[in-house]
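**Q** What follows is a predicted structure for the sequence shown.
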Amino acid sequence: MILGLVEHDRGRPNDLSFQMLAFGRRLAAGRGEPLEAVLIGTEAEPIAGALGAHGVSKVHLIRHDELTDYAPEAWAEAIVQLIASTGATVVMAAGSDRGNEVMAHVAARTEMPMASNCVAADPGDPFQVTRQRWGGTLLEEAVLRAPVTLITVAPHAVQADSSPATPTEVAVAPFDPNLSEQEFRVRVTDRVEKPAGQTSLSEARVVVGGGRGVGSAAGFGALEELARLLGGTVGCSRAVTSAGWRTHADQIGQTGVRIAPDLYIAFGISGATQHIVGCKGAKHILVVNTDREAPILARADYAVIGDVGEVIPALNAEIRKATGG
């Protein structure tokens, strides 16, 4: 049986988990085994039925009084106990911050190997995977030899919408793990909410990014206006967060958020390798830069060689004229 951890934020599923299930569905078909899912916390129960459209035949709902929010060690211990109870042969999660963290804890507790950020898998004997290394700049082929195969699926390695035409009826099986207080040493205790109506970088269809070339924190005001006109969200490069112009939550890159919008517009960003790792999932990239040799131009579908301070106001004015906004 293939078991996939579906992440959620207070009952709202993570799109990367749907991508992981698409990966898992292909894997399950290759092995001739069912695809089942793990949901943690009673808030997640309403999600269960919708997972049938992603090929899931059974959902294991992990319940515990203290599992009201994310707690990596508790999540991992609950999964370890579930593996022992169900006899799962493959356990997967999305290659997100949480998915990689939880699966690393599962690997440590079971003393089994774990392959992160996989883009392909051959479910033969031995189990072989292709995975991203060095921020996606290198593909590595690896072999896993263990009673249970532990993997995470690289973000945007597969499309989340490749679901079966006929949804599977989903059975829900509650599971009550035995968790100690020690498992809750690290946990989410509070949240800083995003402003109402603001889409997260990882889910935005349009992202407007700014780099050092924007000039200052105040310069991002024009980018915020452009994002509003296009129905998008503002991101930035690591140089901007290092300068204190934007928070780390806005950073696009290997050590920030990895995005996959329909359109990414990069203003004044040179395109260091770490940033390219974060934006390479974008379907289309438009670059505005004064430097014709900036590395990011090699990744661009379109480029404007010009001063950001002149291009952005002109672009905003034309969009307002065209849309009446």
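**A** Sure thing, it's come through.
**Q** Low-confidence ranges, the stretch 201-325 of the chain, go.
**A** Residue ranges of the stretch 201-325 of the chain with pLDDT under 70: 325.
**Q** where do the strands sit along it?
**A** 206-210, 233-236, 263-267, 285-289, 302-305 (DSSP state E, counting those that start in this stretch).
**Q** how near is residue 57 to residue 173?
**A** 11 Å (Cβ to Cβ, to the nearest Å). Where you see a C-beta, it was placed from the backbone N, CA and C, and this is true even at glycine.
**Q** Tabulate the CA atom coordinates of the strand of greatest length in the chain in CSV.
**A** Longest strand in the chain, counting residues (DSSP state E): strand 114-122. C-alpha atoms of strand 114-122 as CSV (Å, rounded to 0.1, in the frame of the first residue of the first chain):
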residue,chain,number,x,y,z
MET,A,114,14.7,8.8,2.8
ALA,A,115,15.0,10.3,-0.6
SER,A,116,13.8,13.9,-0.8
ASN,A,117,12.6,16.0,-3.8
CYS,A,118,12.0,13.1,-6.2
VAL,A,119,10.8,13.8,-9.8
ALA,A,120,10.5,10.2,-10.9
ALA,A,121,10.4,6.6,-9.5
ASP,A,122,10.8,3.1,-10.7
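**Q** what pairs with that strand, and is each one parallel or antiparallel?
**A** strand 127-133 (antiparallel), strand 149-153 (parallel) (DSSP bridges).
**Q** who wins for proximity to residue 298 among the ones you listed?
**A** Among the strands paired with strand 114-122, strand 127-133 comes nearest to residue 298, with 19.3 Å by Cβ to Cβ.
**Q** So what's the gap between whichever helix or strand comes after that closest one and the chain middle?
**A** Sequence-wise, the next helix or strand downstream of strand 127-133 (DSSP states H and E) is strand 138-144. Distance of strand 138-144 from its chain centroid, counting by Cα atoms, centre = their mean, to the nearest Å, is 21 Å.
**Q** next one: stretch 104-124
**A** Distance, centroid of stretch 104-124 to centroid of chain: 17 Å (Cα atoms, centre = their mean).
**Q** for stretch 274-283, same thing?
**A** 13 Å.
**Q** Any buried residues in it, and which?
**A** 274, 275, 276, 277, 278, 279, 280, 281, 282 (16 or more other Cβ atoms under 10 Å).
**Q** Where does residue 28 sit: helix, strand or coil?
**A** helix (DSSP: H, G, I helix; E, B strand; the rest coil).
**Q** Need the pLDDT of it.
**A** Note on residue 28: pLDDT of 91.
**Q** gap between residue 130 and residue 234?
**A** Distance from residue 130 to residue 234, by Cβ to Cβ: 34 Å.
**Q** coming back round to it: among the buried residues of stretch 274-283, which one lies nearest to residue 245?
**A** For the buried residues of stretch 274-283, the nearest to residue 245 is residue 275 (15.2 Å; Cβ to Cβ).
**Q** Give me the nearest residue to that closest one, chain neighbours excluded.
**A** Once flanking residues are discounted, residue 275 sits nearest to residue 253: 4.7 Å by Cβ to Cβ, 6 or more residues apart in numbering.
**Q** wait, doesn't that neighbour sit right on residue 238?
**A** Yes: counting by Cβ atoms under 8 Å, residue 238 is a contact partner of residue 253 at 5.6 Å.
**Q** Between these two, which contacts overlap?
**A** 272, 274, 275 (Cβ atoms under 8 Å, 6 or more residues apart in numbering).
**Q** Could you pull up the contacting residues of the first one?
**A** Right, the one you point to is residue 272. Taking Cβ under 8 Å, 6+ apart, one finds 237, 238, 253, 295 in contact with residue 272.
**Q** Could you do the last one as well?
**A** With Cβ under 8 Å, 6+ apart as the criterion, the residues that contact residue 275 are 237, 238, 252, 253, 254, 269, 296.
**Q** Select from those the one having the most neighbours.
**A** Among those, residue 237 has the most neighbours (other Cβ atoms under 10 Å), with 33 neighbours.
**Q** Quick check: the gap between that one and residue 52.
**A** Taking Cβ to Cβ as the measure, residue 237 falls 41 Å from residue 52.
**Q** same deal with residue 183?
**A** Separation of residue 183 from residue 52 (Cβ to Cβ) stands at 31 Å.
**Q** quick one on the thing from earlier: any chance of the contacts of residue 272 in TSV, with distance to residue 75 too?
**A** Listed next are the contacts of residue 272 as TSV, based on distance: Cβ to Cβ, whole Å:
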residue	distance to residue 75
237	32
238	29
253	26
295	38
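**Q** Name the nearest of the residues you listed relative to residue 69.
**A** Nearest to residue 69 out of the contacts of residue 272 is residue 253 (Cβ to Cβ; 26.5 Å).
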